[in-house]
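Participant: build me a structure from this.
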Amino acid sequence: MRPRHRFLTALLALSVLALGGCHGVKKLVPPNLRPPEENTTALDQAKAALQQATPCCSSFADFSYQTLLPWRPKRFELGPGSMVASINGERSYFLSFRLPPDTKLPYRIAIKSELNGRWLRASYLFAPTVTLLDEAFQPVSSEDISLCEHMGWTSETTGAFGSVKVTSKQARYLVLYSSAKQQADSTYWEQSPAAFSAEAPVKMAAAGSFRIPHGPDGTVWVGLMNKSFEDAVDSAICGKAPKGEGVLNTLRTALPVPLWLGADPTNKTNSVDTPAADHPSGDAGQNKTN
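Facilitator: Coordinates of the predicted model:
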């Protein structure tokens, strides 16, 4: 074979290999357009990290209560590096506080958990359990906090909200952790995650309401209730609203009938779609000359 032919053959072979190699390379997708990671990966890693941690305490009496409960909700991070308790054999990151001694009973304590995760579908929440203790560190009450979603205008008023009411004068201390029941549960979330398409990253479709799983770590706010948190807690969405009969039907039964439609002001059963002819006063405005 002539040298020129050998050169052309080698060049053709290299071209074929290069093309084949290009087809084997994965396309680079910007981070904001990549599909969400598996929704169990981060949660599984968080659970494993908690189980590998060494508990510091197994009794409420072992906790430190030097920190006073914040006078307004304050942000705390719970996760690797935080203290771990083993309560009744259940592990959890925790926070412990002294309750303010001069606060008038009853009063409310605000709690908020932030979504833990980059993608909504792959996120989870730290769901708190709150135990109030007396001066001998014995439980006065214990409650798994029900979280409800609220989307506000600021980050402070956006998240999963809950509260606990302090009514007992024996309550001296507060421990916030997450029970095994809480960690196995989930919270209703009204905002829909986006269904991602790898072929068309910008094409997203709503997937309906869903539930956010609970996890062992995350960001939690806790402190005495203030006005912004009170508004968020009291107007948060805790579940799918029941179906009604429609706004128009509600207005028909709720609004009074104007007098010019022939309504009897003493009759409280009138509705806006009741014909004037059905009432004795329907022809009251007519001048009879008979």
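Participant: switch to C-alpha atoms for all contacts and neighbour counts from now on
Facilitator: Will do.
Participant: show me where the protein has its helices.
Facilitator: Counting by DSSP state H, the chain has helices at residues 3-24, 41-52, 180-183, 227-235, 247-254.
Participant: which other helices and strands contact the third one?
Facilitator: Translated: helix 180-183. With contacts defined as 3 or more CA pairs under 8 Å, 6 or more residues apart in numbering; DSSP states H and E, helix 180-183 has these neighbours: strand 210-215.
Participant: show me what counts as buried in the strand it packs on.
Facilitator: Phe210, Arg211, Ile212, Pro213, His214, Gly215 (16 or more other CA atoms under 10 Å).
Participant: for the fifth one, list the residues it contacts.
Facilitator: What that stands for is His214. Tyr124, Leu125, Phe126, Ala127, Gln182, Gln183, Ala184, Asp185, Ser186, Thr187 (CA atoms under 8 Å, 6 or more residues apart in numbering).
Participant: same thing but at 10 Å, please
Facilitator: Counting by CA atoms under 10 Å, 6 or more residues apart in numbering, His214 touches 43, 115-116, 123-128, 178, 181-187.
Participant: now do the same contact list for the closest residue to Ala171 other than its chain neighbours.
Facilitator: Nearest non-adjacent residue to Ala171, counting by CA to CA, 6 or more residues apart in numbering: Asp134, 4.7 Å away. By CA under 10 Å, 6+ apart, Asp134 lies in contact with Val140, Ser141, Ser168, Lys169, Gln170, Ala171, Arg172, Tyr173, Leu174.
Participant: are any of those residues buried, and which?
Facilitator: Val140, Ala171, Arg172, Tyr173, Leu174.
Participant: stretch 93-101: end-to-end distance?
Facilitator: Taking CA to CA, to the nearest Å, stretch 93-101 runs 26 Å from one end to the other.
Participant: for stretch 57-66, same thing?
Facilitator: The first and final residues of stretch 57-66 sit 16 Å from each other (CA to CA).
Participant: what of stretch 219-236?
Facilitator: In stretch 219-236, first residue to last residue: 18 Å (CA to CA).
Participant: list the buried residues of that stretch.
Facilitator: Neighbour counts using 16+ other CA under 10 Å place Thr219, Val220, Trp221, Val222, Gly223, Leu224, Met225, Phe229, Glu230, Ala232, Val233, Ala236 of stretch 219-236 among the buried residues.
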